[in-house]
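**Student:** A structural model of the following input is requested.
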Amino acid sequence: MKTAEYIKRIVENAKIKINPEVKKSALNELINKLEKAKNIDSVKLKPDIGRIIMNSKITKLAAAAIIIFVVIIGINQFGNGNTAFAEVIGYFQKHTYTFDLEGLTTKPIHAKVWELGRIRLDFPATVDAGEISSITDLNTGHTLLLFHQDKTAAVKKELFFKNITEEPISLCTKPIAELWNVLDGAEEYLGENEIDGKRVSGFRITKEDQNYKYDITLWADYKKGFPYMVETTAKSLDQPSLKITMTMKNFNLDTELDEKLFSLELPSGYIIAYQENLEDIKVESKLTPEAEKIVQILNLASEDKKDEALDILMTIDWSKPIEFGKEPYIFSISEKAYKALKADDQKLVLEQNSTNMTSIRDISFNIIDRGKIEISLNRYEEAEKYLVAALQLGKLLERNPDSMLIVQLVGISIEKKALNEMIPFYTSINDNAKLQDAKEQLSAAETVAENIKKQSKELSK
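**Tutor:** As a prediction, this is how the structure comes out:
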């Protein structure tokens, strides 16, 4: 079929409604220009596919996935005419659609587009952060990150992330600003192909900025004109072995989405993460006398005065209230509160907690060793006091289900070690009541630990 006849067929069969006279006039003008351009290099015949994006006021903040999505929206028509992109625009004029983004995570990232201006990326769960959603307004450049596991959120208003490896979310939000302006006749028509039994037309766009070279390949349904698959590779110019590869597929252009999914308002029950100052955190409880002894123990341990620390530990009355003030943070900062802190304050809390957890673990293990020595000397009453003290230290770390996960895990490990010594001890002295109680406590501790493991495995799938 001649090119002019093919163009006429495409225009006549276009699904977008156009005034008949306008259609006829445009068709004649297109064919006339084609005849005049027969002797011109085919590259010069390629249409201006970047004008919309180049003149857009859209802020250049987006992930690689978002950039590709804008590339799709911005193309006016395909390459040299085998598939009219006007049909693609017709599908996108529904304003809402979904697709899957593969290649960055073990499971696909589910993307949703609303009103050609907002995009939501739902990331698969991770062990540390759980499920994450990213909502970006392409008109303002604002992004809301939702950490559903901890019900925390972060707001990004800056245009750029510092480093693509700095945050996991950066893999999909690092802007590739130069890509927005590369479409002016820069596409290469790849011809027809077959993907998974589907006949498609392909186009490639290549661009370099100061850091990366981007190769985007767009495949569209040959008959219907809607996007079928988009493949993108961003290769570092300084480190050619560093590549980011993504594939957009499973487009659903006939879907209804709730506008609330794209809201940049903080959801009910969520708090803003990474923006709170440590000094602004308020703690209602006050330091009780028994808790003050724990603080003394930690201070002595930091001075390597472990014997003195152990002596004070043995004076604690575990039946009395043990409540702390703002410090030590190991007892006052919850996982959610930690996530809300600014980065520098998070570092401060983590450093103090790491030091104190190490001290409590070492003290617990030392006190257990003292108990074992007393058992060997048949001083059972003293032995029991040492083992109970270690057990109570573990429970102190594990008692608050909202505390930092790592703190709870250290507490559970101390409990299990103490109980594993108490069971044979109570067996040897024929104290069946305490033996049964110790077994039940060990079972409960193991159940908690197992639940955490299962949760971690589920999140890592």
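**Student:** Can you list the neighbours in contact with whichever strand or helix holds residue 290?
**Tutor:** Using DSSP states H and E, residue 290 maps to helix 289-302. The set of residues external to helix 289-302 that reach it, using C-beta atoms under 8 Å, 6 or more residues apart in numbering, is 287, 306, 308-309, 312-313, 315-318, 320-324, 327-328, 331, 355-356, 359-360, 362-363, 396. C-betas here are computed from N, CA, C, even on glycine.
**Student:** hmm, try it at 10 Å
**Tutor:** By C-beta atoms under 10 Å, 6 or more residues apart in numbering, the residues outside helix 289-302 that reach it are 285, 287-288, 305-313, 315-325, 327-328, 330-331, 352, 355-356, 358-360, 362-363, 393, 396.
**Student:** How about stretch 258-273?
**Tutor:** By C-beta under 10 Å, 6+ apart, stretch 258-273 touches 96, 112-115, 117-120, 122, 133, 135-137, 140, 142-148, 150-155, 336-342, 346.
**Student:** quick one: which of those residues sit in strands?
**Tutor:** Within the contacts of stretch 258-273, residues falling in strands by DSSP state E are 96, 112-114, 118-120, 122, 133, 135-137, 143-147, 152-155.
**Student:** and these, which are buried?
**Tutor:** Burial by neighbour count, 16 or more other C-beta atoms under 10 Å: within the ones in strands among the contacts of stretch 258-273 this picks out 96, 112-114, 118-120, 122, 133, 135-137, 143-147, 152-154.
**Student:** How about residue 341, nearest residue that isn't a chain neighbour?
**Tutor:** Spatially, and ignoring its direct neighbours in sequence, residue 341 is nearest to residue 276 (5.2 Å; C-beta to C-beta, 6 or more residues apart in numbering).
**Student:** phi, psi of residue 275?
**Tutor:** When read as degrees, to the nearest 10, the backbone of residue 275 gives phi -130, psi -10.
**Student:** what about it, neighbour count?
**Tutor:** Residue 275 has 12 neighbouring residues, counting by other C-beta atoms under 10 Å.
**Student:** ok, it touching residue 155?
**Tutor:** Yes. Residue 275 lies in contact with residue 155 (C-beta atoms under 10 Å); the separation is 7.7 Å.
**Student:** got a list of what residue 233 touches?
**Tutor:** Applying C-beta under 10 Å, 6+ apart to residue 233 gives the contacts 64, 103, 206, 212-217, 243-247.
**Student:** give me that answer again for 8 Å
**Tutor:** Neighbour list for residue 233: 214, 215, 243, 244, 245, 246 [criterion: C-beta under 8 Å, 6+ apart].
**Student:** mind checking the SS state of the last one?
**Tutor:** Read that as residue 246. Judged by DSSP: H, G, I helix; E, B strand; the rest coil, the three-state class of residue 246 is strand.
**Student:** Does it touch residue 103 like I think?
**Tutor:** Yes. At 4.4 Å, residue 246 and residue 103 qualify as touching, with contact defined as C-beta atoms under 8 Å.
**Student:** between the two, which one's more packed in?
**Tutor:** Neighbours were counted for residue 246 and for residue 103 using other C-beta under 10 Å; residue 246 has more, 22 against 17.
**Student:** now the strands for the chain?
**Tutor:** According to DSSP E, the strands that the chain contains are 96-102, 109-114, 118-126, 130-137, 143-147, 152-156, 188-195, 198-208, 212-221, 227-236, 243-252, 271-272.
**Student:** Tabulate those (CSV), appending distance to residue 406.
**Tutor:** Listed next are the strands of the chain as CSV, based on distance: least, C-beta to C-beta, whole Å:
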stretch, distance to residue 406
strand 96-102, 31
strand 109-114, 27
strand 118-126, 16
strand 130-137, 15
strand 143-147, 17
strand 152-156, 17
strand 188-195, 46
strand 198-208, 43
strand 212-221, 36
strand 227-236, 34
strand 243-252, 31
strand 271-272, 20
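**Student:** got these as TSV, with distance to residue 426 and mean pLDDT columns?
**Tutor:** Below are the strands of the chain laid out as TSV (distance: least, C-beta to C-beta, whole Å; pLDDT from 0 to 100):
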stretch	distance to residue 426	mean pLDDT
strand 96-102	56	86
strand 109-114	53	87
strand 118-126	42	84
strand 130-137	40	85
strand 143-147	44	87
strand 152-156	44	82
strand 188-195	68	85
strand 198-208	70	82
strand 212-221	65	82
strand 227-236	62	84
strand 243-252	58	86
strand 271-272	45	82
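**Student:** wait, doesn't residue 360 sit right on residue 407?
**Tutor:** No. Assessed by C-beta under 8 Å, residue 360 is found out of contact with residue 407, at 9.6 Å.
**Student:** which residues do those two both contact?
**Tutor:** The contact sets of residue 360 and residue 407 overlap at 330, 397 (C-beta under 8 Å, 6+ apart).
**Student:** re the thing from before, relative to residue 281, which of the strands of the chain is closest?
**Tutor:** Nearest to residue 281, of all the strands of the chain, is strand 271-272, at 11.7 Å by C-beta to C-beta.
**Student:** Partner strands of the closest one and their direction?
**Tutor:** Using DSSP bridges, the strands paired with strand 271-272 are strand 152-156 (parallel).
**Student:** residues near residue 316, how many?
**Tutor:** That count, for residue 316 with other C-beta under 10 Å as the rule, works out to 19.
**Student:** and the gap between it and residue 355?
**Tutor:** Distance, residue 316 to residue 355, using C-beta to C-beta, to the nearest Å: 21 Å.
**Student:** ok, now residue 265?
**Tutor:** Note on residue 265: its distance to residue 355, by C-beta to C-beta, is 39 Å.
**Student:** So for these two, which sits in the more crowded spot?
**Tutor:** Each of residue 265 and residue 355 has its neighbours counted (other C-beta under 10 Å); residue 355 has more, 15 against 10.
**Student:** Against residue 328, how distant is that one?
**Tutor:** With distances taken as C-beta to C-beta, residue 355 is found 9 Å from residue 328.
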